[in-house]
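Asks: 3D model of this:
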Amino acid sequence: MRPTALCPVLLGTDLGIYAMARSFHEAYGVHSVVVSEQPRGPINDSAIVQNIFTGADATDEDTLSALDRIAADHPDEVRVLVVNSDHQLAFVMRHRARLEAQYVLPFAAEEVVNRLADKRAMNAVLAELAIPAPRTVEVTALPRDEQAWRDACAELSFPIVMKPFAGAEFEELHFTGRRKVYQLSDADALVTELDRIAAAGYGGTMLLQELIPGDDTANRVVNCYRDSRGELTMAASGHVLLAMHQPTFIGNSAVIMVDYDAALIDAVRRVLDAVNYRGFASVDFKVDPRDGIARLLDINPRPGRSHYYANVGGASTARSLVADFVLDEALPTQEARAPGVYAYIPPFVLRRYVRDADLYRRARDVLRRRKAVHPLDYAADRNPRRWLYRILAQVNQLRALRTYYPRPTDSGF
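Replies: Next up, the predicted model:
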């Protein structure tokens with residue numbers, strides 16, 4: 001494929017969206033068109049991105065109109081539409097028939113995407129495949145039923161975690177105390193948080209899950225791409241050294257050391273095979289210090305915010321997608337095995353947050369051989385404003401750590 005024949009179109013503004021644009025530029029030398037409501041740091045002042053802004057509080061129709069204009073402006077190019085959030089994925093699923101007339105949509109069929117995103121369905125798949133996962137029960141915030149809430153949590157041992165069943169719907173809510181993941185110490189705390197969620201109008205299901213102990217370094221991430229032949233054309237795993245701890249970012253990895261774990265990748269492959277999934281999957285595991293078993297926490301039908309660690313390890317998210325949906329070619333598995341560290345937060349903080357001396361030495365040895373890779377620090381996209389944003393963003397992340405997670409804890413909260 002000639003690079004100019006490809007036009008990646010990305011929806012969103014976050015770190016993962018810019019990282020995807022970077023991956024396309026590294027692999028094919030093409031610029032991406034990014035559609036979002038308003039300017040935001042990761043995508044601003046970029047030489048590899050053309051920004052299209054739809055305005056604050058843009059509707060679905062506003063976004064569709066912007067995509068229509070982009071298609072008209074790039075008539076001779078293969079337009080590939082990529083998203084990286086539950087909210088944007090839900091948008092694509094709602095308007096798939098209209099979008100497919102103008103774009104390559106690198107997503108599985110809607111029923112398969114929904115099944116992978118359905119935590120209830122996936123728990124059943126994990127049980128059938130004998131893949132360990134935390135015990136989970138469900139509650140609904142509406143209608144209010146305090147006794148039912150207390151009865152549900154009685155099936156678990158505190159502390160527990162709570163998270164929304166439907167991430168896309170919960171993502172759109174704005175209310176005091178909203179968190180991506182809640183840690184709850186007792187039934188009274190559960191009632192308090194469910195009352196807040198109900199007051200915000202969320203009537204969907206919330207999942208209660210046993211809390212697996214361990215600080216951030218107990219977490220593992222796996223990112224894969226499964227193509228139309230049922231083959232993994234990208235396989236990456238990483239050892240999380242530090243996560244983000246702001247309430248709405250809990251669960252996002254900030255520093256990841258590339259660590260190819262064939263057993264975890266095989267577990268993800270078996271899940272994707274079981275549902276006949278096609279496309280990107282981002283999976284979170286946590287190793288239980290009580291028995292050393294890695295338990296699968298979440299599996300998401302998208303690349304994930306920190307997916308660029310796979311590129312740090314020598315794989316290319318863009319190549320897997322293009323080979324499958326654009327070129328229709330069999331791509332050998334890209335195994336992300338190159339030693340490296342993905343770091344959105346300066347890695348000097350690892351001295352404080354990595355308590356395992358052996359793990360700290362391993363990370364330090366990797367960093368001595370190769371500088372940490374910041375996803376926004378791209379040599380082909382130099383700009384003083386971007387440099388300043390990156391530095392200020394890192395300062396803000398350090399402040400957030402001091403506020404929300406000043407020292408590592410045995411729970412990771």
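Asks: Secondary structure element for the residue in the chain sticking out farthest from the centre, which one?
Replies: Ranked by distance from the centre of the chain (C-alpha atoms, centre = their mean), the top residue is residue 147, with 34.4 Å. Taking DSSP states H and E as the criterion, residue 147 maps to helix 146-153.
Asks: With residue 296 instead?
Replies: strand 294-300.
Asks: Going by neighbour count, which residues in that strand are buried?
Replies: Buried residues in strand 294-300, counted by 16 or more other C-beta atoms under 10 Å: 294-300. In this view, the C-beta of every residue, glycine as well, is placed from N, C-alpha and C.
Asks: ditto for stretch 177-196
Replies: By 16+ other C-beta under 10 Å, the buried positions in stretch 177-196 come out as 178-184, 187, 189-191, 193-194, 196.
Asks: if we can go back for a sec, name the next helix or strand following the helix holding residue 147 along the chain.
Replies: Downstream of helix 146-153 (by DSSP H and E), the next one is strand 160-164.
Asks: which residues does the closest residue to residue 69 other than its chain neighbours bridge with?
Replies: The shortest distance from residue 69 to any residue other than its chain neighbours is 7.8 Å, reached at residue 52 (C-beta to C-beta, 6 or more residues apart in numbering). Using DSSP bridges, the beta-bridge partners of residue 52 come out as residue 35.
Asks: Can you tell me how far residue 52 is from residue 83?
Replies: 15 Å (C-beta to C-beta, to the nearest Å).
Asks: Start and end of stretch 211-220, how far apart?
Replies: Chord length of stretch 211-220, first to last residue, is 15 Å (C-alpha to C-alpha, to the nearest Å).
Asks: what about residue 243, how many neighbours?
Replies: Neighbour count for residue 243, taken as other C-beta atoms under 10 Å: 23.
Asks: Provide the partner residues of it in its beta bridges.
Replies: Where residue 243 sits in a bridge, its partners, by DSSP bridges, are residue 253.
Asks: residues contacting it?
Replies: 216, 219, 250-254, 412 (C-beta atoms under 8 Å, 6 or more residues apart in numbering).
Asks: For these, give me TSV that also has pLDDT.
Replies: Output for those, formatted as TSV (pLDDT from 0 to 100):
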residue	pLDDT
216	98
219	98
250	89
251	83
252	93
253	97
254	98
412	94
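Asks: ok, those residues vs residue 11, which is closest?
Replies: Comparing the contacts of residue 243 against residue 11 with C-beta to C-beta places residue 252 closest, at 18.5 Å.
Asks: What about residue 171? Give its phi and psi, please.
Replies: Dihedral angles of residue 171 (phi, psi; degrees, to the nearest 10) stand at phi -60, psi -30.
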